[in-house]
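>>> sharing a model prediction with you, sequence too.
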Amino acid sequence: MKTIIKPLLLATLLTTGLNGCSTSHEAPIASGYQTYIQVGERFKHLNLTDINDNKVAFEAEHKKLVILFATWCSDSQRLLDELQASSLLNMSNLTIIAIGREQNQTTLKQFNDTQALPIHFVADPNRTIYNSYANKGIPRLILLDEQNNVLQTLIGEQPNTLSKLRWN
């Protein structure tokens with residue numbers, strides 16, 4: 001009997017411990033994932049400074065892709081790898097902002113030293129920005145039009161989320 005219980009207990013612990021990136025040091029919310037900004041609403045954080053102390057420009061002639069992520073999250077890492085391989089980085093009329101939930105400037109700089117992504121990384125050490133847009137689940141994508149209104153929101157926990165972006 002003991003030989004059966006130990007493997008079952010181990011399997012249960014592994015299964016509950018590897019449940020993706022939907023939680024981080026917090027109890028699950030019974031109602032599931034919530035998004036606090038809807039299509040058509042204006043993005044609230046238009047005065048951001050990136051990890052290199054550059055002001056992020058929310059210019060009228062550019063669309064924006066805001067990614068809420070964490071460096072420790074495997075889904076976030078996969079999404080950023082997909083971004084690295086995508087044509088989005090070559091779009092001159094697109095500004096990409098990656099907001100690191102529970103990350104500080106130092107950890108984001110170290111992370112981007114390995115990623116080498118030509119995008120704006122913004123630290124959100126206390127989840128102040130993240131909590132304005134969602135209750136849990138990363139990565140999150142918020143697509144903005146030229147006037148900084150939401151075109152689309154996505155949860156990027158599955159592969160190929162970038163292919164689901166709709167620019168109209």
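Sure, I can see it.
>>> got a list of what I155 touches?
I155 makes contact with Y33, G137, P139, R140, L141, T161 under the criterion CB atoms under 8 Å, 6 or more residues apart in numbering. Using the backbone N, CA and C atoms, a C-beta is placed for each residue, glycine as well.
>>> tell me, how many residues neighbour the last one?
So the one you mean is T161. Per other CB atoms under 10 Å, the neighbour tally for T161 reads 20.
>>> so who does it touch?
T161 touches L79, E82, P139, L141, L154, I155, counting by CB under 8 Å, 6+ apart.
>>> which of these sit farthest apart?
Using CB to CB, the two most remote members of the contacts of T161 are E82 and I155, lying 14.4 Å apart.
>>> wasn't A60 part of a strand?
No - A60 is assigned coil when assessed by DSSP: H, G, I helix; E, B strand; the rest coil, not a strand.
>>> now it: closest residue in space that isn't a chain neighbour?
Distances taken as CB to CB, 6 or more residues apart in numbering place E146 nearest to A60, at 5.3 Å, with adjacent residues excluded.
>>> please, which helix or strand holds the one you found?
According to DSSP states H and E, E146 maps onto no helix or strand at all.
>>> go on, Q38?
Short version, using DSSP H and E: Q38 is in no helix or strand.
>>> residues contacting the nearest residue to it once chain neighbours are set aside?
Distances taken as CB to CB, 6+ apart place V150 nearest to Q38, at 6.6 Å, with adjacent residues excluded. By CB under 8 Å, 6+ apart, the residues touching V150 are I37, Q38, V39, G40, E41, R42, F43, I142, L143, L144.
>>> just put the residues you listed in a markdown table and tack on pLDDT.
Listed next are these as a markdown table, based on pLDDT from 0 to 100:
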| residue | pLDDT |
| --- | --- |
| I37 | 95 |
| Q38 | 96 |
| V39 | 96 |
| G40 | 96 |
| E41 | 98 |
| R42 | 97 |
| F43 | 97 |
| I142 | 98 |
| L143 | 98 |
| L144 | 97 |
